[in-house]
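**Student:** I would like the atomic coordinates for the input below:
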Amino acid sequence: MVHFIFWFSLALLAYTYVGYPVAVALWARVFPRPVKRAPFEPAVAIVVVVHNEASRVERKIATCLAQDYPADRLRIVIASDGSTDNTVALVESLGHRNVTVLPFASRRGKAACLNDAIAACTEEVVVLTDARQMLNPEAVRCLLENLADPTIGAVSGELMLVRDDMTPFGEGVDAYWRYEKFIRQREGLVHSAPGVTGALYALRRVCFQPISERTILDDVAIPMQAVRAGYRAIFDGRAHAYDQASKSPAQEQTRKVRTLAGNYQLMAMMPWLLVPFANPIFVQFVSHKVLRLLAPFAMATLLLANLVLAARGGAYAVFLAAQLAGYALPLAGRAVPAVAAWRLTKIASAFVLLNGYAVLGLVQFLSNREGHLWQSHTPVAGDSRKGQP
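**Tutor:** Coordinates of the predicted model:
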């Protein structure tokens, strides 16, 4: 029995972090489903949900208005989620004909505001983005070129983590994020990625269905509804949203724990995601989302089984030493700056902590009923990577 636990746990971890990425990359290479990109310029509404963003909302509007897209077909919709500062007054003072503000009086959360804001849009396409990130001028045009293909329902842009003053921990998170984007891009080539980047994505308005007001991961729930309806959700690395990487484990923990709690919530709210014949990308969803939630528990059982088997010596003893070294490396990095600078330490630290956050995510899902209300000025990279498992 101990042997089975050891090998099953090892196989699950190996498949989750190595086997699946390799398999989906090969799948994309052998059986790709190319996107028929073409110039496409329908009416577009860029929707930004904000809460007390007076310090950033003007800059966000400026980056939206600077898009290389026909001005007569572009509108910016600022949905204020019960802001108590002067966010609404600032937007109204601009007096720009292409900017609309929806001043919702009470704070309900992003999902509720998205439901109302998108319902108020008449444009063929909505582009959803967060307040804190700036966009490259080509972002909207690049996203919409993909929607010229009638099979595409949602298109994710790419979140670019700015490397200025990036800490060793931040570099580890950045490496993990680049690994994540690699997987999403390949998933989009075979069919769809199970989620988009909340910092920037485009959606056909006809694909939108209202989501629960308590939804945390709107950037998974919304595109997965489009996938269920027969469309694809893909990734376009030419459309950029720029953000700062988390500089410390505490900063990353705030964002990541909320995201992982959202994954648990999503499966409870949308159980069809776990039904093979109801979810068109069941394999991708389970491999990318569900197994990541199981990984920390597999890590624990692997270590416990290995402790028992190591007494027999041989390969089990060597593997245990390797495991213990992997867990000790992040601790050594915190004590010795030179060790923290090692690339292996950066990756090991991010890997161990991100898996630890999955356990905390489960705790938060079970205990926090207000997880859908985000804190806009928490000094982390926002909720822009919510789709990241």
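**Student:** Mind listing what's buried along stretch 268-282?
**Tutor:** Met269, Met270, Leu273, Asn279, Pro280, Ile281, Phe282 (16 or more other CB atoms under 10 Å). The way it works is simple: take the backbone N, C-alpha and C, and place the C-beta from them, glycine included.
**Student:** Now, those residues that are in helices?
**Tutor:** Residues of the buried residues of stretch 268-282 located in helices (DSSP state H): Met269, Phe282.
**Student:** Reformat the buried residues of stretch 268-282 as a markdown table; add pLDDT and distance to Leu74.
**Tutor:** Listed next are these as a markdown table, based on pLDDT from 0 to 100; distance: CB to CB, whole Å:
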| residue | pLDDT | distance to Leu74 |
| --- | --- | --- |
| Met269 | 95 | 33 |
| Met270 | 96 | 32 |
| Leu273 | 97 | 34 |
| Asn279 | 97 | 34 |
| Pro280 | 96 | 32 |
| Ile281 | 97 | 31 |
| Phe282 | 97 | 37 |
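**Student:** From the buried residues of stretch 268-282, pick the one nearest Gly95.
**Tutor:** For the buried residues of stretch 268-282, the closest approach to Gly95 (CB to CB) belongs to Met269, at 40.2 Å.
**Student:** Going by distance to Lys181, which of the buried residues of stretch 268-282 wins?
**Tutor:** Ile281 (17.4 Å).
**Student:** Would you check how far apart the closest one and Met160 are?
**Tutor:** Taking CB to CB, to the nearest Å as the measure, Ile281 falls 26 Å from Met160.
**Student:** and if you look at Val30?
**Tutor:** From Val30 to Met160 the distance is 30 Å (CB to CB).
**Student:** For these two, indicate the residue with more neighbours.
**Tutor:** With neighbours defined as other CB atoms under 10 Å, Val30 and Met160 compare such that Met160 has more, 19 against 8.
**Student:** Check for me that the more buried one belongs to a helix.
**Tutor:** No - Met160 sits outside any helix when classified using DSSP: H, G, I helix; E, B strand; the rest coil, being strand.
**Student:** which ones are touching it?
**Tutor:** His240, Ala241, Tyr242, Asp243 (CB atoms under 8 Å, 6 or more residues apart in numbering).
**Student:** Out of these, which two sit at the greatest distance?
**Tutor:** Across the contacts of Met160 (CB to CB), the longest gap, 10.1 Å, separates His240 and Asp243.
**Student:** Now for these two: what residues contact both?
**Tutor:** Listed contacts common to His240 and Asp243 are Leu159, Met160; contacts here mean CB under 8 Å, 6+ apart.
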